[in-house]
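Q: give me a model of this one.
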Amino acid sequence: MKTSTFLTFVGDQCGKATEAINLYTDIFPNSEIIRITHYKKGEPGGSPDLIKYGVFTINGTEYMVSESSYNHAWNFSHANSILIRDESPERIQKLFDQLSKDGQVMVPLDNYNGEGDYGFGKKFGWCQDKFGISWQFILTDE
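A: Alright, predicted model coming up:
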């Protein structure tokens with residue numbers, strides 16, 4: 001059995017999947033675009049400029065992506081996020097800054113009120129990138 005995260009770009013985010021994939025594979029080490037398939041002309045759900053099905057990796061972990069021009073009643077949610085754990089303060093800060101640019105910071109990357117940790121790491125942060133994907137960051141000892 002294998003599990004994978006599947007990101008569906010709909011609504012205002014439809015048409016931005018290629019930009020998102022390029023950002024993620026550029027800023028994360030050991031990342032690459034595996035396969036991109038576009039809709040055929042006249043095919044339901046999209047147009048030739050949209051991704052029907054794509055596969056890429058972020059630091060070796062596989063993600064799948066699709067775009068849909070249908071009017072869906074859902075979009076990305078903060079309830080689901082991609083969690084980054086790293087022992088390098090510089091790397092975590094750089095990734096946080098890159099992903100929160102033109103997005104939204106929900107929890108600044110910092111230690112808990114300057115008085116210690118959150119119980120699961122020395123620093124914690126949470127942001128939403130400009131595509132609507134939520135990211136959590138934990139600075140670890142490992």
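Q: dump the residue contacts of Tyr70.
A: Taking CB atoms under 8 Å, 6 or more residues apart in numbering as the criterion, Tyr70 is in contact with 10, 45. (C-beta placed from N, C-alpha, C; glycine too.)
Q: quick one: secondary structure of it?
A: With DSSP: H, G, I helix; E, B strand; the rest coil as the basis, Tyr70 sits in coil.
Q: confidence score at it?
A: Per-residue confidence for Tyr70 comes out at a pLDDT of 88.
Q: try Gly119
A: Note for Gly119: predicted pLDDT of 70.
Q: any idea how far Lys94 lies from Ser88?
A: Spatial separation of Lys94 from Ser88 under the definition CB to CB, to the nearest Å is 9 Å.
Q: helix/strand/coil for Leu95?
A: Local secondary structure at Leu95 is given as helix here, using three-state DSSP.
Q: so it sits against Asp26, correct?
A: No: in terms of CB atoms under 8 Å, Leu95 does not count as a neighbour of Asp26; the distance is 11.5 Å.
Q: comparing these two, which shows the higher neighbour count?
A: A side-by-side neighbour count of Leu95 and Asp26, using other CB atoms under 10 Å, places Leu95 first with 20 against 9.
Q: where are the low-confidence patches of this protein?
A: Within the chain, the ranges that satisfy pLDDT under 70 run 111-118, 142.
Q: how about the helices of it, start to end?
A: According to DSSP state H, the chain carries its helices in the segments 17-27, 89-100.
Q: counting by contacts, list what the longest one packs against.
A: Contact partners of helix 89-100 among helices and strands, from 3 or more CB pairs under 8 Å, 6 or more residues apart in numbering; DSSP states H and E: helix 17-27, strand 81-86, strand 104-110, strand 123-128, strand 134-139.
Q: need the ones you listed in a markdown table (columns: distance to Ser66).
A: Rendered in a markdown table, the data for the helices and strands packed on helix 89-100 read as follows (distance: least, CB to CB, whole Å):
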| stretch | distance to Ser66 |
| --- | --- |
| helix 17-27 | 8 |
| strand 81-86 | 17 |
| strand 104-110 | 24 |
| strand 123-128 | 20 |
| strand 134-139 | 18 |
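Q: for Ser134, which non-adjacent residue is spatially closest?
A: Spatial nearest neighbour of Ser134, chain neighbours left out: Ser81 (3.6 Å); criterion: CB to CB, 6 or more residues apart in numbering.
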